[in-house]
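S.K.: I need the structure of the sequence given here:
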Amino acid sequence: MSDCLDDGLCGFSLQEVVGERVLLRPLGEADVQPLFELIEESREFLSVHLPWPGEECFTPEDVSAKIEAWDLQAQMANGACWGIFEKAAGGSVDSGASAGLKIAGCIMLGWVQWKNRSATVSYWLGKDFCGRGLATEALLLVAGESFAMGLNRLELTAAVNNPKSAAVALRAGFTEEGVCREYERIHGRFEDHVRFSLLARDFC
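M.R.: Residues are numbered from 1 along each chain as shown. As a prediction, the model looks like this:
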């Protein structure tokens, strides 16, 4: 959480968040190699809808630098990243435990505006972890953490040709607000995105 909501330099104290099927926690150096391997295995899959797999994180050192950047953002209270870890089937996870966990992806807060109590959220999963409800659960957990921090609005976008990502937002209770025309340029073409939002008063 952030202890001083009106000062963007206060920093987040990010905690592990345990759900039914996933555990979310900030990433560290021990996660560099597993995260790099996940990205490598899923790079072609991720590149269909995301620009960054074709532009960055090509070595473990790149991943380490990215984790350091996320940590700095959290210290400055203007962003955050949790690793999404899938629990072993039928297993339970105590806080701080790492056994029985597989890194499945990441979920990030960005563009945190404390004056407006708003932020954006984005997420991705490796290709072998999709279709099991992990992203929806992770999004709900981060929404709960975000509103506990004092944020009032979360928003996210999904490409119009990425209905699976949009479905995650809808399952988590986000409301569709409209289409942002030519919102993103990826692979040399402009793509429209659908914008979704979730307010603290909508969350239960």
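
S.K.: ranges for the strands of this structure?
M.R.: 17-18, 22-25, 80-87, 101-113, 118-125, 153-159, 175-186, 189-199 (DSSP state E).

S.K.: out of those, which comes closest to residue 165?
M.R.: strand 153-159 (3.9 Å; CB to CB). No exception for glycine: its C-beta is placed from N, CA and C like everyone else's.

S.K.: Direction included, what does the closest one pair up with?
M.R.: Using DSSP bridges, the strands paired with strand 153-159 are strand 118-125 (parallel), strand 189-199 (antiparallel).

S.K.: So what angle separates the directions of it and strand 175-186?
M.R.: 50 degrees (axes from the mean of the first three to the mean of the last three CA atoms, to 10 degrees).

S.K.: now the strands paired with strand 153-159 in JSON lines, with mean neighbour count?
M.R.: Listed next are the strands paired with strand 153-159 as JSON lines, based on neighbours: other CB atoms under 10 Å:
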{"stretch": "strand 118-125", "mean neighbour count": "21"}
{"stretch": "strand 189-199", "mean neighbour count": "17"}
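
S.K.: got the ones you listed as a markdown table, with mean pLDDT columns?
M.R.: Formatted as a markdown table, those follow (pLDDT from 0 to 100):
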| stretch | mean pLDDT |
| --- | --- |
| strand 118-125 | 96 |
| strand 189-199 | 96 |
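
S.K.: Select, out of those, the one closest to residue 84.
M.R.: For residue 84, the closest of the strands paired with strand 153-159 is strand 118-125, at 6.9 Å, according to CB to CB.

S.K.: Just give me how far that closest one sits from the chain centre.
M.R.: 4 Å (CA atoms, centre = their mean, to the nearest Å).

S.K.: how far does stretch 50-61 stretch from start to finish?
M.R.: The straight-line separation of the ends of stretch 50-61 (CA to CA, to the nearest Å) is 21 Å.

S.K.: For residue 133, which of the strands of the chain is the nearest?
M.R.: strand 22-25 (9.1 Å).

S.K.: Give the other helices and strands that the closest one contacts.
M.R.: strand 17-18, strand 80-87, strand 101-113, helix 134-149 (3 or more CB pairs under 8 Å, 6 or more residues apart in numbering; DSSP states H and E).
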